[in-house]
Structure formats: structure tokens, C-alpha cells
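*Asks:* turn this into a model:
(chains A and B)
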Amino acid sequence: MRRLLIGLVVALVAFGVAGLAETNVPETPGATLGGTLTLGVGQVFKDLDPRISNSAYDSYVINEVFDRLVDFHPDTKEIVPFVAKSWEILSDTVTRFYINEGILFHNGEPLTAEDVAFTFNWIADEANNSPNMTELVWMEEAVVVEEYVLDIVTKDEYAPYAPGFASETRAIVPMDYVLEVGDEAFNVAPIGSGPYKFVEWRTGDRVILERNEDYWLVYPNLEQVVYRPIPELSVMMAELEAGGIDISDTMPATDVPRFRGMDDIEVMQAPGMFYFYVFFNLQHAPSNDIRWRKAVYMSVNYDAAVFSIFQNLTGLRMYGCVPEGLWANDTEYLRDTVALQENDAEAKRLFQELKDEGIIPANYKTKVYCPMDPRRRQLATIMATNLIENGIDAEVVPMDWATYLPLCYRSESDPTAADLDQGIIGWSGGYDPHDFVYYMFHSDNCTVGSADNLCWLQDDEVDAWIFDADTTLDQATREELYVKAQRKAFELYTNIPGYNYIQTNGVNTRVHGFIVDPLGSYLLCDPYHNVWVDG
Amino acid sequence: MIAYTIRRLAQLVLVLFGLTLLIFTLLKTMPGDPAVVMAGIGAQLETIQGLREQLGLNEPLHVQYWRLFSGLFTGELQAMTFRRPGPVWNVIWERLPATVELGFFGLLLAVIVSVPAGLLSAIYRNTPLDYAVTTAALMGISIPVFWFALMMMIVFGVFLHWLPVSGRGDALWGWSFLTIDGLRHLVIPAVALASVQMALNARLTRASMLEVLRQDYVTTARSKGLRERVVLIKHAFRNAMAPVVTNIGMQIGTVFAGAVLTETTTAWPGIGRLMVDAIMRRDQSVVFALTLFLGFIFMVSFLIIDLFYAYIDPRITYD
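*Replies:* Numbers count the residues shown, from 1 in each chain, chains lettered A, B, ... in the order given. Have a look, this model is predicted:
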């Protein structure tokens, strides 16, 4: 064990040093300096303070205004240095980070270990009610050792915590400035150390950033970045076509062929990191009976359903909860061995069996809950239609998030969600399978009032495998354990995997150096991207 | 008239108070939890509970009501889910100029086009001009605003590149109509918003004018040898405008509150969209304040129209 730890430390330090050399990116050859890049955003911005923001859309701006402690390599998805130039694992509970010197916030103040500690400790502090606290629940505290040296201490019960690094891809805020202006003022006019400085937020409308001339990592190519919220997708596509925006953050499947035919627009795609699925409620009948779950699964050809929604252009069928391209993805086994094909005869037989046993009451009507998003509503409609054909009265119940989430989370007045047999929901994770497997299937997340394990699976074996995977540093071992946990959860048919997005951006040909982010955000300038525009 | 005005203002206060009770009741009976919306998917139970505590959602209902009501006047009431410094009114004032200028120009356009069109349509009844105006009015009422806006965006924005597709342009002192870029951005949303109002006003003007032209005093005026222009403008038009003015007055309030579709489709950052966002987020402070504000606007605009009504028609008194 000791030798393993030493080997690990050496490997990580070496990797950290190698990563440092790689982050000294020279200015982009052939790039044009200057110009304005206009980005389409699917929703208005809510919060620009990374400590409280939980909206994927806010991250578009946050990614450019702030720097992150560590980052993900865009190709290998491994953790690489960023603000932290290197790190070493001192023990199961302590990881020491060495901060790059010479990084300045936009107000000229230096970024030090104190700012990093402040950011992490603020988020982890229950008193601040940060929505991001859940990602740092494993952390005891961040401790300043020296001006540019920081220890992150893991709680004993989580140590050693392998997914912790993924949580450390966190934007760093300037402690002194935040304390001076207050949280609310900082939220609407943030200051970071990132490649682009905040200029203006016209609430309900655009956010404008300008180049940080003193950016420590590389000289940002763009003069100005404008983010334009355009909630109507058809209007965003019109803006892309008219040149009102240079990049759209998404594209409907029906528009992909049309834009592919245009000379001045390039359709760029990459597999996303999303998991949209049907979950069953294991807390009550009939959905707590595996026959119900199998019968609902076999009532629908989910491959065809997903194809009808996306035409394989902007979405693809999934068979497990870990997206393809990420380690611990188990598509082959789950597709070939676990996934059920449409079989109406068998579905009807199982439903009849349940009716005969009284598990499905006479005149029973089941509901397929879903959010208002048109794609999930479409899937819910397909499910309900097929259930009716197989003798189960069903209706689709779309809800807005403020109503749907409390239902899914359960409540003190309705701890078993008595009316909820199945629902459709989505999840987006990062580049560690923990982000998917732990939240979907560990019983820690069966908490009335804030559940993420929406099927309410409480299985000791699955819990143990996930816990062991989270507290093991060896990736091969982790992968094996996550795969075991997934297989059991899916063999119980707790979920019907739906689809993953193919992250699709419409990009004007005047834009260069842009890479699609599988997490759905915009990345303009970091160790691996430095976007520039013509003219 | 002064006594009447004072009575109406007193009524306004009572009605607004009643409105606060109604809004509060609706907010509390509406399903959904603002703390869950703020916390988002994946949040810890402690975070959700902490937010409920922070937002005062665990307090007794009468305490919550008083906090909302009194906070509006003391400036202590902040938006729940729109995390901004200062009172909740800041969230509304930020968006107000966009709605005011959209509403003003939409209404102005509607009046400038619809009133003459309606008048001419009545004067030249059963001519091609009349048919054209009537048909256009029918289309204006029938065509959905969002579809009309979308078509204008595609034709003028995408195909012809004459106008920006969506959004609000650059502003001077907070008002975008003071800049060329701002005016260009205003065209499509204002025309879309005006389309239904134009149609309604044109039809109403036409009908009202036709009614007036049949009156005995108009026949008398003509028989006295007055020029037709004098008959139409001095005698007929002024009387015909009474119901039209009333309708336009009612549209003032609608323009503030009812531009949601136009604002959403054209990505116009006004208070219509703010109301929708606030409801979706269950931001009780913003919904409360905004609904009261809109109620105030409606009632004041009705009062102004009633007073104006008395001004243009001397037969009407409120004493």
C-alpha cells in the first residue's frame, strides 16, 4: 500500500510538472487579433458568481471570466494543471496544491492560495446555502499552507476520495474583492482572473466581456465577447443564418441538414455528457414490481423512439448511464445483454399477470411525468401511447421544473411520491463516472426532499461497489466497480436509458479554433483553446 | 372633476390592497418551491432547507404576507431568486425602459396607422380601400403575433438583411430608441405588437365613424352647406373617437403586461418576459411586486382615459 502511494505521488507530481510545460501555450499561429465574437445562449443568465451558479448557461460566462484550480484535458479527460501548477498526495486525506505565481485578478490583485481556500470553503459551508455544496460534501476544508501552497483535506469517511479532483475544476473568486463589495454585487458584476473581463450585464439581455490584456496564460485573441440569450430556438437559428450570432449553443435535428448545406455555417458536433432516462419509482406498486418495469420497457421500441426525436443527428440512444467516451461506459454489455427489445405480446402478458394478482388495480391509470422540454414530452407521449395499446391506461403529465423537481425529490407530505410510477428526466455529469453512477444509484441520494436517486434504489451491494470505487485511486479498479454497480442497477430495470445529446453547435466560418465542449458549454480561451475570428 | 379624481384614487388604493391579498393567496397555493428551483438538480437537502429558511418560507403565512407587503414600501423586500443588490424594484426598473419603449412605439404605430385607416375605411365605405383595410384588419386579428414576428424576422432579417433579427439594440441613458441601432432593433417587435392593436382600432374606428355619420347632426351639418372636411373632422371625428380612445387606454395596460409573446419571440428583455421568468422560478417577491405594479398601471391608465373622455365629450361629467 505504501509503495503504491509513493508510486502514485511520483506519477502525479511528474504528470503535474509535464502538464505545467504544456500549459505555456504560445500565441495561436495564423490567428487574427481583435474582433467581436457573438454567442447565442438558450436561456437568460441567472447568476455569474461561480460559487452559487448552478445553471449550465451561466458557465458560458464563468468559464471566461474565471480560471479553474485544475481542468480536464479536452481529449483524454484527465485532470491537468491550470491555476494549480502541480499537486502531490500527502496522505489519504490531504492533497497539496502548488499555485502558479503571477496570476492577477482583473482588478490587479494577485491570485493566491487564500483565494482558492476562500472559494472552496465558502461553497462547502452549509451556512451559505450554495447549490454547489453537494460537489464538495467530501471536503473537510481547504487550508492555506503558504502564499501559493494549499492543502485540501478530505473527510475521513470519504478518504481517499478519487472523484474529488473533478470537483476541483472550480472557478476561483477574489476573496478581498468579494468581501468588499458583497455577494449580491459580485454576482451581477464579477471579477476573476480569466482571459476575458466582465464589462456589462444587461439583465434579461446580453453579457459583454472584453479581453484581459494581462492574462497570465496566453494572449486572448478576441477583443470582445458578447453572449446573447435567445430563448426561442427558431429565432436563434434565424440569428445564426442572418449572422446576428456567430455560434449557436445547440441546433434542432431538423435544422442540421439545412445548415450543413450552407457555405458560411459549419455544423460541429461531439458526443455529450448527458443521460436522459426513464426512472421507475421502486417505493410502491406497481412500479416496485420488476414485471411492471420490464413490461413498460417492452412496450416501446426505444431505439426507434429516440431516432424519431433526433434522427441520430443531435441525439443517440444510450444503454447505460455513463456516456460513451467516458471510462466505465458499459454500452456493449448493457445493450446486448440487458436492454429489452419491444415485445408487445410479452408486455401484455406481464401486465395481465399483474392485474390478475391485483397488483394493478382495476381501472388503473398510470402517469408518465416529464418536464416541459419538447423532446422528453415526445418520448413520454410515445410511452403513454404504447402503454394504452398494451392495455394500460396512461397519460402524459408535463410539469415545469418548480413543480416537477419537488415531486421527484419526494416530500414529507408525500415521501413515496404515491402518484409517480415513472418519470422522464435528465442528468449531466462531468468526466468522472462517479458523477453519474453515484447520483443515480447510491442510497445516500435517497433523501426525502432532495433525492437524486429518483428510482429510490437501496441496494447494499450497489452501495458498497460505488463506495469502494469512490475511495480507490486506481482507475482500473474503479472502473470495474462502477461497471458492477451499473449492471446490477440496470438488470433490476430501475431505469430505462433514453438518450445522450450529440452536442451540436452551428458555427459561422469566420470563427476559428472553436472546439465543441461535450458538457455543452463554450470554451474560448484556456490551455487548449484560443478562439479567434476573421476581420 | 377633482372630487371624482380623488374618489377614484382612493378606490385605487383599496383595489390594490385587495390585489395584494389575491396575489399572495395565489402564490401560496401555486405548486412549486422556489428553494428547489434556486438549489437546482443535485442539491443537498441541507441546501434546500437552508434556502427555505433564508427566503423566509418557513414563517407563518401572515408574517410572510407582511414581509412582502411592507417590504415593497420600505425597500427591504429583495427578489428571491434574482440575486441582485437592492430592493425588488431594481429588478423591475432594469427591465422597464425596454417595455415602455416597445409599448409606446407599438401603440404609437397602432394609432398612427389604425385611426386614419379606420376613418378612411368608413368614409369610403364599400370601396376597394374599405375592403383592403377590412381584410388587413382581419389578418391582423387572426395571425398569431409570434408567427407574424417570426415571419418578419425571416424576411427582413435573414433574407433581406434590412433589420436585426432579434434582441434590443444599444441604448443611450437606458433608452434604445435614442440610437439608430436601437431603433432598428425596435421595428420588428413594435410592428408585431402593434399588429393586433392596429386591427382592433381600425375596425373600432370604422364602426364608430359609420355610426356617427348616420347621426342627425351630421346630416344637419351637411345640409347647412359645411364643407365635407369640416363635417368629418370637426363634427364626426371627435364624437367617433370616444370609444376608440377608451380602447386605446385599455391597451396601455395590456401593452405593459401582455407583450410576453412578442418579448419572448423577439428576445426583447422587457417585464413581460420578466413576469414569465419569475413565475417559472416561483420568485414570489418579483411576482408580487410586478403584479401590483401592473395593477397600478392598469388602474391609472383607466382613470386617465376616463378623465380624457370627459374632456373630449363635454356632455360627460363626473360630478
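
*Asks:* strands of the stretch 51-200 of chain B, residue ranges please.
*Replies:* Applying DSSP state E, counting those that start in this stretch to the stretch 51-200 of chain B gives no strands.

*Asks:* residue numbers of it in contact with chain A?
*Replies:* Taking Cβ under 8 Å from any Cβ of the partner chain, the part of the stretch 51-200 of chain B that reaches chain A is made up of B:51, B:54, B:81-85, B:91, B:94-95, B:98, B:150, B:153-154, B:157-158, B:161, B:164-168. Every C-beta, even on glycine, is put in place using the N, C-alpha and C of the backbone.

*Asks:* which among those residues end up buried?
*Replies:* Buried members of these, scored by 16 or more other Cβ atoms under 10 Å in any protein chain shown, are B:51, B:81-84, B:91, B:94-95, B:98, B:150, B:153-154, B:157-158, B:164-168.

*Asks:* which ones among the residues you listed are found in helices?
*Replies:* Judged by DSSP state H, helices contain the following of those: B:51, B:91, B:94, B:95, B:98, B:150.

*Asks:* which one of the residues you listed is nearest residue A:535?
*Replies:* Nearest to residue A:535, judged by Cβ to Cβ, of those is residue B:150 at 29.7 Å.

*Asks:* report the separation between the closest one and residue B:308.
*Replies:* Residue B:150 is 36 Å from residue B:308, where distance means Cβ to Cβ, to the nearest Å.

*Asks:* who are the neighbours in contact with residue A:167?
*Replies:* A:135, A:136, A:138, A:139 (Cβ atoms under 8 Å, 6 or more residues apart in numbering or on different chains).

*Asks:* what's the closest of the residues you listed to residue B:207?
*Replies:* residue A:135 (64.2 Å).

*Asks:* run a quick neighbour tally on the residue nearest to residue A:117 when sequence neighbours are not counted.
*Replies:* When the adjacent residues along the chain are set aside, residue A:117 lies closest to residue A:142, with 4.1 Å between them (Cβ to Cβ, 6 or more residues apart in numbering or on different chains). As a burial measure, residue A:142 scores 24 neighbours (other Cβ atoms under 10 Å in any protein chain shown).

*Asks:* and residue A:142, what does it touch?
*Replies:* A:116, A:117, A:120, A:121, A:150, A:151, A:152, A:153.

*Asks:* what pLDDT, on average, does the helix or strand where the fourth one lies get?
*Replies:* Translated: residue A:121. Following DSSP states H and E, one finds residue A:121 within helix A:113-124. Mean pLDDT, helix A:113-124: 97.

*Asks:* by contact count, what packs against that helix?
*Replies:* Secondary structure elements in contact with helix A:113-124, counted by 3 or more Cβ pairs under 8 Å, 6 or more residues apart in numbering or on different chains; DSSP states H and E, are strand A:94-99, strand A:139-146, strand A:149-154, helix A:175-181.

*Asks:* residues of the stretch 401-535 of chain A that sit close to chain B?
*Replies:* So far as Cβ under 8 Å from any Cβ goes, the stretch 401-535 of chain A lies against chain B at A:401-403, A:405-406, A:409, A:427, A:439, A:447-450, A:452.

*Asks:* quick one: least confident of those?
*Replies:* Within those, residue A:450 has the lowest pLDDT, namely 86.

*Asks:* you'd agree that one is up against residue B:41?
*Replies:* No. Counting by Cβ atoms under 8 Å, residue A:450 stays clear of residue B:41, with 9.7 Å between them.

*Asks:* neighbour-wise, which of the two wins?
*Replies:* residue A:450 (24 against 19).

*Asks:* by mean pLDDT, which helix or strand of the chain comes out lowest?
*Replies:* No chain specified, so I'll use chain A. helix A:2-23 (a mean of 42; mean pLDDT, DSSP states H and E).

*Asks:* not quite, go with chain B.
*Replies:* For chain B, counting by mean pLDDT, DSSP H and E, that's helix B:238-257 with a mean of 79.

*Asks:* any chance of the helices and strands packed on helix A:113-124 in TSV, with mean pLDDT too?
*Replies:* Converted to TSV, the helices and strands packed on helix A:113-124 look like this (pLDDT from 0 to 100):
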stretch	mean pLDDT
strand A:94-99	96
strand A:139-146	96
strand A:149-154	96
helix A:175-181	97
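
*Asks:* please produce JSON lines containing these, extended by distance to residue A:306.
*Replies:* Shown next, in JSON lines, are the helices and strands packed on helix A:113-124 (distance: least, Cβ to Cβ, whole Å):
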{"stretch": "strand A:94-99", "distance to residue A:306": "41"}
{"stretch": "strand A:139-146", "distance to residue A:306": "38"}
{"stretch": "strand A:149-154", "distance to residue A:306": "39"}
{"stretch": "helix A:175-181", "distance to residue A:306": "44"}
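
*Asks:* hang on, the earlier thing: widest-spaced pair of the ones in helices among the buried ones among the residues of the stretch 51-200 of chain B next to chain A?
*Replies:* B:51 and B:150 (37.9 Å).

*Asks:* nearest to residue A:371, of the contacts of residue A:142?
*Replies:* residue A:120 (31.7 Å).

*Asks:* ok, that closest one touching residue A:153?
*Replies:* No. Counting by Cβ under 8 Å, residue A:120 stays clear of residue A:153, with 10.3 Å between them.

*Asks:* so the two - more neighbours on which side?
*Replies:* Using other Cβ under 10 Å as the criterion, residue A:120 and residue A:153 rank with residue A:120 on top: 23 against 16.

*Asks:* tell me the bridge partners for the residue nearest to the more buried one when sequence neighbours are not counted.
*Replies:* Spatial nearest neighbour of residue A:120, chain neighbours left out: residue A:142 (4.1 Å); criterion: Cβ to Cβ, 6+ apart. With DSSP bridges as the criterion, residue A:142 is bridged to residue A:152.
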